[in-house]
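Engineer: give me a model of this one.
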Amino acid sequence: MLPRTLISLATAMLLAGHADLRAATLQTYVLDPVHTQIVFFADHLGFSHGIGRVRIAQGWFQFDEDDWSTARADVVVDMSSLDMGEPAWSEKVRSPQFLDTAQWPTARFIGRRLEKTAASEGILHGELWLRGVRRDVDLAVTFNRAGGDPYAFKDKAGFSARTELDRFDFGMQTYREVVGGPVELRIEVEGVRSAAPPGEAATDATEEH
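Structural biologist: Numbering: from 1, shown residues only. Below you'll find the model as predicted:
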């Protein structure tokens, strides 16, 4: 029998090799700000659902098609970019009565774990900082595909995601009789494969005020 020290060394080498293999398959993608879209829908007096749009400031995600549980994401959203399709309406939603973008110009979502539920679907469990409030948020995610973009000459991965937030949970208590509490989010994501490891996205979204 091999001495215990040799067995321990061999085991450590195997584990290290397995970790290196996983690291090689776990790819990092930097978000494409042009093709990554965030829109939301909120009820207006029961007549219609107002549609708003915000842009990402920066972000990245990691994803391994063979092991979804290793996925991670860190996204900063530019809340001051909010557009409701009409200037006065947009300014109202950016005001302290709603998003208060002067005090909180960014929001941040950190995805901690992606739970695979079907061949191309899963739940991304994470945390959202919005308007100075942190809440656990789960995104229903669909993996669209990964591959080469023949026009950009880059490798990409794309996802679609949905979730629902309650604006009251984030301190937006005004106009309860006019604007509904539930807000539906729809997100389209394209990430460009990057050779660099991800860094913590810089933002003031999680700072205490």
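
Engineer: what's opposite residue 163 in the beta bridge?
Structural biologist: residue 185 (DSSP bridges).

Engineer: do you have the helices of this protein handy? List them.
Structural biologist: 4-25, 87-94 (DSSP state H).

Engineer: mean pLDDT lowest where, among these?
Structural biologist: Mean pLDDT across the helices of the chain is lowest at helix 4-25; the value there is a mean of 47.

Engineer: neighbours of the residue nearest to residue 127 when sequence neighbours are not counted, how many?
Structural biologist: In space, and not counting its chain neighbours, residue 127 is closest to residue 110: 5.2 Å by C-beta to C-beta, 6 or more residues apart in numbering. C-betas here are computed from N, CA, C, even on glycine. Using other C-beta atoms under 10 Å, residue 110 has 18 other residues around it.

Engineer: pretty sure residue 110 sits against residue 126.
Structural biologist: Yes - using C-beta atoms under 8 Å, residue 110 is in contact with residue 126, at 5.3 Å.

Engineer: so for these two, which residues contact both of them?
Structural biologist: Counting by C-beta atoms under 8 Å, 6 or more residues apart in numbering, the contacts common to residue 110 and residue 126 are residue 73.

Engineer: show me where pLDDT drops low in this protein?
Structural biologist: When residues are selected by pLDDT under 70, those of the chain lie in 1-25, 197-209.

Engineer: how about the strands in this structure?
Structural biologist: 27-31, 37-44, 48-63, 72-83, 106-116, 121-130, 133-149, 154-166, 179-194 (DSSP state E).

Engineer: quick one: residue 124 and residue 160 touch, right?
Structural biologist: No - Residue 124 is beyond contact range of residue 160, at 11.6 Å (criterion: C-beta under 8 Å).

Engineer: identify the contacts common to the two.
Structural biologist: Common neighbours of residue 124 and residue 160 (C-beta under 8 Å, 6+ apart) are residue 141.

Engineer: between those two, which one's more packed in?
Structural biologist: Higher neighbour count among residue 124 and residue 160: residue 124, with 23 against 17, using other C-beta under 10 Å.

Engineer: how much space separates that one from residue 79?
Structural biologist: Residue 124 sits 20 Å away from residue 79, going by C-beta to C-beta, to the nearest Å.

Engineer: again with residue 125
Structural biologist: Distance from residue 125 to residue 79, counting by C-beta to C-beta: 23 Å.

Engineer: give me the more crowded residue out of the two.
Structural biologist: A direct count of neighbours by other C-beta under 10 Å for residue 125 and residue 79 places residue 79 higher, at 21 against 14.

Engineer: how deep is the closest residue to residue 83 other than its chain neighbours tucked in, by neighbour count?
Structural biologist: Using C-beta to C-beta, 6+ apart and skipping residues adjacent in sequence, the residue nearest residue 83 is residue 53, 5.0 Å away. By the criterion of other C-beta under 10 Å, residue 53 has 14 neighbours.
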